[in-house]
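Participant: Generate coordinates for the sequence data below:
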Amino acid sequence: MLNYIPAMILIKDAELRPIYANEKFCHYFPFEEWKNRRPEETFPPEIASVMIAKDTEALEKGYCSYEETWKDKYGVEHVLFTQKFRIEVAEDEILLGGIIQDITEKVKAEKELEKYRKELEKLVEERTIQLENTIRELEAFTYSVSHDLKAPLRAINGFAKILLNEYAENLDNEGKHYCRIIAENALEMGHLIEDLLRLSRVGRAELQKEEVNNETLVKSILNEIMNEEQKSKYQVKIHKLSKVRGDYILLKQVWINLISNALKFSANVSDPVIEIGCAKKEGTCEFYVKDNGVGFDNRFKGNLFKVFQRLHNKREFEGTGVGLAIVKQIVSKHGGNVKAEGKLGKGAKFYFSLPLEG
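Facilitator: Residues are numbered from 1 along each chain as shown. As a prediction, the model looks like this:
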């Protein structure tokens, strides 16, 4: 039985003399040369003293284990995991058992893994620093360019209005039309820059987490952004909304963007309905804003949360194509996800999930 065990087996008597070894042990080491001899009779003093200490520990305590390095009878070095234990054969007969496993390949693999782990950590650290620097440079560039563009746009818009107001008699209808287009496009560009700045600020902002009462927040937003005509026209259903921990200012922006979209894209429906609710799912709370407006082609829903991506003509519905990108960035900073569902002419439903514990 011992010969079939995939480990080296060595048994010594109470005087620490080897008396038995299985075939696997004999394959590696010259058992016949060591048999019936104490350690100091076989090995140099420095090796014998360590062996005697471990053997004695196992006999006294009942068990000990350790790693050691040995050369076999062919001169090949092995890393061994040795377990020694006390065997009570009879009341007056004690033996010392040993199970020895060759862990050379395991140790070698662990060293290789450790080497690769350190190299990977170093590479990840270097790449992370590079990425952080790139992000900071990109944010600074975006902020700088956006900020610097505002002044010339104000000038363009201002001069276009001056032409219309003070030089109208010198312009024909086509000239006035072009001036209005210049002013409108300058204004639209200004809104786009404001949204880009907002997106840049969201990227740099540190979260200031607190308990957010979403029900109260949504009701205040609806009261704030809906005019009297909309309040009388729209049917708004607000279901129970869970409280979460998050950045109040940023989450307010999420709700504003989603509710504003729902109002905008259902404006042309005769009986517009907006539904707002949530559901708890596996440690998260998934909120949604649903409308029965123009909807969108569900095949292109993956583009909705990208900057400048629009699924509707801006002549039909105004906007810069940045609002949903801001929603995604804010929700991602909170550790959540966003998604959308829709059908052309059948409305849309936008979801965002937030961790219940924050």
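
Participant: quick one, what contacts A109?
Facilitator: Under the criterion of Cβ atoms under 8 Å, 6 or more residues apart in numbering, A109 has no neighbours. C-beta here means a position set from N, CA and C on the backbone, and glycine is covered the same way.

Participant: Run the chain-centre distance for stretch 85-97.
Facilitator: Centroid displacement of stretch 85-97 relative to its chain, using Cα atoms, centre = their mean, to the nearest Å, is 57 Å.

Participant: which parts of that stretch are buried?
Facilitator: For stretch 85-97, burial by neighbour count (16 or more other Cβ atoms under 10 Å) applies to F85, R86, L95, L96, G97.

Participant: Name the residues that touch it?
Facilitator: Contact with stretch 85-97 is made by 9-14, 16, 19, 55, 58-59, 62-64, 84, 98, as judged by Cβ under 8 Å, 6+ apart.

Participant: go on, stretch 61-75?
Facilitator: So stretch 61-75 is contacted by 28-30, 54, 57-58, 77-86, 103 (Cβ under 8 Å, 6+ apart).

Participant: Out of those, which sit inside helices?
Facilitator: In helices, defined here by DSSP state H, the members of the contacts of stretch 61-75 are Y28, K54, E57, A58.

Participant: how many neighbours does the residue nearest to E286 when sequence neighbours are not counted have?
Facilitator: Spatial nearest neighbour of E286, excluding adjacent residues (Cβ to Cβ, 6 or more residues apart in numbering): S353 at 4.4 Å. Per other Cβ atoms under 10 Å, the neighbour tally for S353 reads 24.

Participant: the strands in the stretch 251-358 of the chain, which residues?
Facilitator: Assigned by DSSP state E, counting those that start in this stretch, the strands in the stretch 251-358 of the chain fall at 273-281, 284-291, 338-343, 347-355.

Participant: can you redo these as a markdown table with distance to E194?
Facilitator: Shown next, in a markdown table, are the strands of the stretch 251-358 of the chain (distance: least, Cβ to Cβ, whole Å):
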| stretch | distance to E194 |
| --- | --- |
| strand 273-281 | 25 |
| strand 284-291 | 22 |
| strand 338-343 | 22 |
| strand 347-355 | 22 |
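
Participant: Export these as TSV, with columns for distance to I162 and mean pLDDT.
Facilitator: Shown next, in TSV, are those (distance: least, Cβ to Cβ, whole Å; pLDDT from 0 to 100):
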stretch	distance to I162	mean pLDDT
strand 273-281	42	91
strand 284-291	41	92
strand 338-343	43	87
strand 347-355	42	90
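
Participant: So which of those strands is nearest A267?
Facilitator: Of all the strands of the stretch 251-358 of the chain, it is strand 284-291 that lies closest to A267, at 9.9 Å by Cβ to Cβ.

Participant: Give me the angle between the closest one and strand 273-281.
Facilitator: Interaxial angle of strand 284-291 relative to strand 273-281 (axes from the mean of the first three to the mean of the last three Cα atoms, to 10 degrees): 170 degrees.

Participant: hmm, back to that, could you pick out the buried ones from the contacts of stretch 61-75?
Facilitator: Going by neighbour count (16+ other Cβ under 10 Å), those have Y28, F29, K54, A58, H78, V79, L80, F81, T82, K84, F85, R86 buried.

Participant: Nearest to G283 among those?
Facilitator: Taking Cβ to Cβ as the measure, G283 lies nearest F81 of the buried ones among the contacts of stretch 61-75, at 41.5 Å.

Participant: The closest one: what's it in contact with?
Facilitator: F81 sits next to S65, Y66, E67, I100, Q101, I103 when contact means Cβ under 8 Å, 6+ apart.

Participant: taking these one by one, which sit in strands?
Facilitator: Among the contacts of F81, the residues falling in strands (DSSP state E) are S65, Y66, E67, I100, Q101.

Participant: among those residues, which ones are buried?
Facilitator: When the ones in strands among the contacts of F81 are checked for burial by 16+ other Cβ under 10 Å, the buried set is I100, Q101.

Participant: and the ones in strands among the contacts of F81 as TSV, adding pLDDT?
Facilitator: Shown next, in TSV, are the ones in strands among the contacts of F81 (pLDDT from 0 to 100):
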residue	pLDDT
S65	96
Y66	95
E67	94
I100	96
Q101	95
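
Participant: any idea which of the ones in strands among the contacts of F81 is closest to L250?
Facilitator: Closest to L250, out of all of those and judged by Cβ to Cβ, is E67, at 53.7 Å.

Participant: now the closest one: how far from N22?
Facilitator: 21 Å (Cβ to Cβ, to the nearest Å).

Participant: what's the answer for E174, then?
Facilitator: In this view, E174 and N22 are 104 Å apart by Cβ to Cβ.

Participant: more neighbours, the two?
Facilitator: Neighbours per residue (other Cβ under 10 Å) separate E174 from N22, with N22 holding more: 18 against 8.
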